[in-house]
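Enquirer: Following is a predicted model, sequence given first.
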Amino acid sequence: MSRSSGQRRVVVDDASHVRYVSPGYVLFDRGGTLFAQAFNPTPGTMLGTAVPLIQGIATNVGVALASSGTLAYYAATSETSESMRLVQVSRAGMPAPLSETAGSVWFPRFSPDGAKIAYGLSASPGLAGPSDVWVVDVQRGALTRVTFGGNNRHFPTWTRDGTMITTANGVTAPNNVISASADGSGVVRSVLENAPRSFPTSWSPDGRTLALHTGGGAGPGTSTSRDIVMWSSGAASPTPFVATPFEERGPIFSPNGRWVAFVSNKSGMNEVYARPFPGPGEEITISVGGGGEPVWGPSGRELFYRHEGKLLVVPLSDAAATLTAGKPAVLFTDPYRLDISGSAGGVANYDVSPDGQRFVMVEPLRAGNGQPQSARIEVVLNWSEELKRLAPAK
């Protein structure tokens, strides 16, 4: 992006954790492999071809580089699958295991009556592989499979009557948005077809409007940044709600439907904001000093978000179409799994129960012993010399 004109253009596709490294390289992660490519910063153009440097980097984590020529990164696990469990956590932070799964669990959501929890489940550790939506009965622990293979489905969103679960059907552009019967009968209804990479996150209280974020990838009609759109029942296509050059994602309707909370990095870091719906009106900054993964409390008088290993709560006052936010307070220490989709921290990887007294969180496990999985950091010394050898600057 040109700082003077604001004009933007794509210089490399399918890349994350992008860094510029002197004397003239761009480093980026693609599918767990660190690549380097020569780069001329004056015209802003890539030179030559990308060269693979290090394989086995944990996806969606990134690397740390020091000016001394030292590199550090999280090493990807050699396991092809993970073991996780859903945990119910009280407002005081006391956990109670709910259900253990063989696979990677994402984005749990309480049903409107609190009796069930929907979640995405995949065999692969990240979000790129095939996945399906499952439902667990909170009291009995019984599992029900809702969708049946063949695509990537990670973002379950209950319809307001609790009979269907709306989810993205695929992660590449264009994709579809569907609603599947929550009872596992296999009934599927199309919501949006050939959408420009769209991910549903919340139905309005009246069940007539679906909030989604779109973009963040290549494909026909797809923006390289993420924006928030609203789809109304019967409409041919969604309409923009928040569209900027920055990353907006994870929109969530307030219980009364008058506000939408979301995450944006327009300040230079992830922060939680709220805008009146359908608008117009003043945007309110909810978080302080950074935050992500917003979830409304069922009363509408509080909003939860995550930041630096803590779950925080913000008291709210909603009167005369004006939302007033109080000072954030730490509810409990939060060691549970975070959202890593896209620009991480947008979509809540947890949920609050309809009575506001319990949270469902995702806890990674080491297979067989119920303990958290260990992480390994690899450190490479004099790495800048290796970079010059493998990818000579043009």
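Expert: Right, received. Where do you want to start? Numbers count the residues shown, from 1 in each chain.
Enquirer: Just the pLDDT for A375.
Expert: A375 is assigned a pLDDT of 58 by the prediction.
Enquirer: ends of stretch 106-118, how far apart?
Expert: With CA to CA, to the nearest Å as the measure, stretch 106-118 spans 9 Å from end to end.
Enquirer: Quick one: distance of that stretch to the chain centre.
Expert: Computed by CA atoms, centre = their mean, to the nearest Å, the chain-centroid distance of stretch 106-118 equals 17 Å.
Enquirer: Quick one: residues in contact with it.
Expert: 86, 98, 119-122, 127, 131, 133-139, 146, 154-158, 160-162, 165, 182, 339, 347-355, 360-362 (CB atoms under 8 Å, 6 or more residues apart in numbering). In this view, the C-beta of every residue, glycine as well, is placed from N, C-alpha and C.
Enquirer: now do stretch 192-202
Expert: So stretch 192-202 is contacted by 155, 157, 166-168, 171-177, 191, 210-217, 219-223, 229, 231, 237-238, 249-253, 260, 341, 347 (CB under 8 Å, 6+ apart).
Enquirer: The stretch 1-150 of the chain: strands as residue ranges?
Expert: 16-21, 25-30, 33-40, 45-55, 63-65, 71-74, 83-90, 95-102, 104-110, 116-122, 131-137, 143-145 (DSSP state E, counting those that start in this stretch).
Enquirer: Can you say which of those is nearest to V313?
Expert: Closest of the strands of the stretch 1-150 of the chain to V313 is strand 83-90, at 13.1 Å (criterion: CB to CB).
Enquirer: So which bits of that closest one are buried?
Expert: Buried residues in strand 83-90, counted by 16 or more other CB atoms under 10 Å: 83-89.
Enquirer: same thing with stretch 9-16?
Expert: A15.
Enquirer: Over to stretch 138-149?
Expert: For stretch 138-149, burial by neighbour count (16+ other CB under 10 Å) applies to 138, 144, 146-147.
Enquirer: Is it possible to get a markdown table of the residues you listed that adds distance to S204 and pLDDT?
Expert: As requested, these are exported to a markdown table (distance: CB to CB, whole Å; pLDDT from 0 to 100):
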| residue | distance to S204 | pLDDT |
| --- | --- | --- |
| V138 | 25 | 94 |
| T144 | 26 | 92 |
| V146 | 22 | 93 |
| T147 | 23 | 91 |
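Enquirer: and which of those residues is nearest R376?
Expert: Nearest to R376 among the buried residues of stretch 138-149, with distances taken as CB to CB, is T147, at 33.7 Å.
Enquirer: re earlier: I'd like the buried residues of stretch 138-149 as JSON lines, with distance to A66 appended.
Expert: Conversion of these to JSON lines gives the following (distance: CB to CB, whole Å):
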{"residue": "V138", "distance to A66": "47"}
{"residue": "T144", "distance to A66": "49"}
{"residue": "V146", "distance to A66": "47"}
{"residue": "T147", "distance to A66": "45"}
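Enquirer: What is the nearest of the residues you listed to G24?
Expert: Out of these, the member with the shortest distance to G24 (by CB to CB) is T147, at 46.7 Å.
Enquirer: And the strands in the stretch 251-394 of the chain, which stretches?
Expert: 259-264, 271-276, 284-285, 292-296, 302-307, 310-319, 322-325, 329-333, 351-352, 358-365, 377-380.
Enquirer: give me every residue that touches the residue nearest to L323 when sequence neighbours are not counted.
Expert: Nearest residue to L323, sequence neighbours excluded (CB to CB, 6 or more residues apart in numbering): I284, at 5.1 Å. I284 makes contact with 273-275, 323-325, according to CB under 8 Å, 6+ apart.
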